[in-house]
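> Sequence first, then the predicted structure, then my questions.
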Amino acid sequence: PSPSITSWPAVEAAAAAAAPPALATYTTRPGLVPSSSPNPALPTPSTGPGPAPASTAPILFARDTHGWCPFAQRVWMALTHVGAPFETVFIDLRAKPDWYPATVPTSKVPALFLATPEQLAAAGPAGVPVAEREMVFESLDILARLDADFPGVLSPPETDAAAAEAALALAERFGTAGYGLVRSAAAAGAGGGAAATTTTASSPTPPTPPLPLPEARAAFEAVLAEWEALLASTPGPFLAGPAASLVDFALAPMAERLASTIPASPAAGVALRGRPDRPAIEAWYVAMAAVPAVAAVRGDPATHRAVFGRIAGLGLSAPPYVPADPAASAEAAAKLASNRAAVVADTIKNAGLAAGTEAAVEAALLRIAGCLVSGLPGKAAEVAADNAVTAAVAAFLPARVSAPRDMSGGAAVELRAACARVAEGCYTGI
């Protein structure tokens, strides 16, 4: 085995030796938000006053600071897929830099600012200002422009044009139906109406009431049936043929988000992945995951649940914990409950927690025991310090429990799994 690494230079050297592709374009932005970027980015503020930027890059790509916008993600995937050289311009959607709404008619992201080789040569090191560049906004218009500028890449020769046209229309309906289903499921799970009245910073006025859950479910199933039929009509596995094309990137961001959020809405009553009656859709997901541009830009399920739920005001959570052995899970919960005073004392003594945290430690144990018997990890505490205690308890118990001393081997396995689920949700919504 390799020796333990105990210094940052050693970490950097080991990481550089492994040479993951993501390191090639990674840049840091000291003092700015965000503080780093996976792609070359202009060192300009994402908010506040100041002039529009200039750059020596042929393409400037304006996107949101967090990478949460699915429409910007469409363009990001396409830029990566065609290999276009670009620099990122970050825009804080809550407080846009003054120059952005003065330049982009919609004031939304994404937007591209394009410079010709002649402009770049004439400008030299100073770069071409945004005001002198050609601007393209709206995600589908940007995809069409990239398709024209990089012929044969976003529309490979084998692309079925009719299927591509149908897929573009499907992409918009899929997002609408899927978002509607998640809202309806959230409202039904909250007793009705909760998702209809929540407002967010990005949506300050209440949205229209969600559809009754059966109607939302039927609408989403109808779109899935159309998607499956469209995929079955081409050689696949992609929407318009055997190679990923523009329409796949148009659909991918919402498909990615809904695959993560629908399982977090048990009331939805609909599965998106792994369905025997939807083999072509599952094959599409698998094929898209192998596309390098998708792998480079996609999010992860936990991020999508947190962000999609926060933006939509839905309060999504991780899927329930499902014990491999329900009896062993119940045993672990019962033994935690009956011996909790000793477990609290042992945790405070050996986990480095301060005296006076007994109540927070017991609350953490209750969340873990509750997860063992209900499958739900509970809500994060309102006080950040209490969540820190929960995280410490959830890390300490798996290392401390011993089978068969404390419980059976099966119960110890279930306890460790429940601790991991509770730890995952310690800071959800904070």
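Structure received. Numbering: from 1, shown residues only.
> okay, CA-based contacts and neighbour counts for the rest of this
Noted.
> would you list every one of the strands in this structure?
27-28, 36-37, 54-55, 59-64, 86-91, 111-114, 128-129, 134-137 (DSSP state E).
> Return the alpha-carbon coordinates of the fifth one using PDB.
Output in PDB follows, covering the C-alpha atoms of strand 86-91 (Å, rounded to 0.1, in the frame of the first residue of the first chain):
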ATOM      1  CA  PHE A  86     -14.200  29.400 -24.600                       C
ATOM      2  CA  GLU A  87     -13.900  31.400 -21.400                       C
ATOM      3  CA  THR A  88     -16.600  31.500 -18.800                       C
ATOM      4  CA  VAL A  89     -18.200  34.800 -17.600                       C
ATOM      5  CA  PHE A  90     -20.000  34.200 -14.300                       C
ATOM      6  CA  ILE A  91     -23.300  35.900 -13.600                       C
END
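> ok, now which ones touch Leu120?
Counting by C-alpha atoms under 8 Å, 6 or more residues apart in numbering, Leu120 touches 56-58, 127-128.
> rewinding a little: which among the strands of the chain is found nearest to Phe308?
Phe308 sits nearest to strand 59-64 of all these, at 14.7 Å, using C-alpha to C-alpha.
> re earlier: ok, and the most crowded of the contacts of Leu120?
Using other C-alpha atoms under 10 Å as the neighbour test, the contacts of Leu120 are led by Val128, with 24 neighbours.
> any idea how far that one lies from Pro49?
Distance, Val128 to Pro49, using C-alpha to C-alpha, to the nearest Å: 20 Å.
> cool, Ala252 as well?
35 Å.
> Comparing the two, which residue is more hemmed in?
Higher neighbour count among Ala252 and Pro49: Ala252, with 22 against 11, using other C-alpha under 10 Å.
> picking that back up, nearest to Pro210 among the strands of the chain would be which one?
Nearest of the strands of the chain (C-alpha to C-alpha): strand 59-64, 27.3 Å.
> Direction included, what does the closest one pair up with?
strand 86-91 (parallel), strand 111-114 (antiparallel) (DSSP bridges).
> Which one of those strands lies nearest to Cys419?
Across those, the minimum distance to Cys419, taken as C-alpha to C-alpha, is reached by strand 86-91, at 37.2 Å.
> Any idea how far that closest one is from the middle of the chain?
The chain centre lies 19 Å from the centre of strand 86-91; the measure is C-alpha atoms, centre = their mean, to the nearest Å.
> Would you mind pulling the contact partners of it?
So strand 86-91 is contacted by 34, 39-42, 44-47, 57-65, 79, 97, 100, 109 (C-alpha under 8 Å, 6+ apart).
> Okay, buried residues for stretch 90-101 please.
90-93, 96-97, 99-100 (16 or more other C-alpha atoms under 10 Å).
> Endpoint to endpoint, that stretch covers what distance?
13 Å.
> Would you mark the buried spots in the longest helix belonging to the chain?
Assignment by DSSP state H gives helix 161-189 as the longest helix of the chain. Within helix 161-189, the residues that count as buried by 16+ other C-alpha under 10 Å are 163-164, 166-168, 170-171, 174-175, 177-189.
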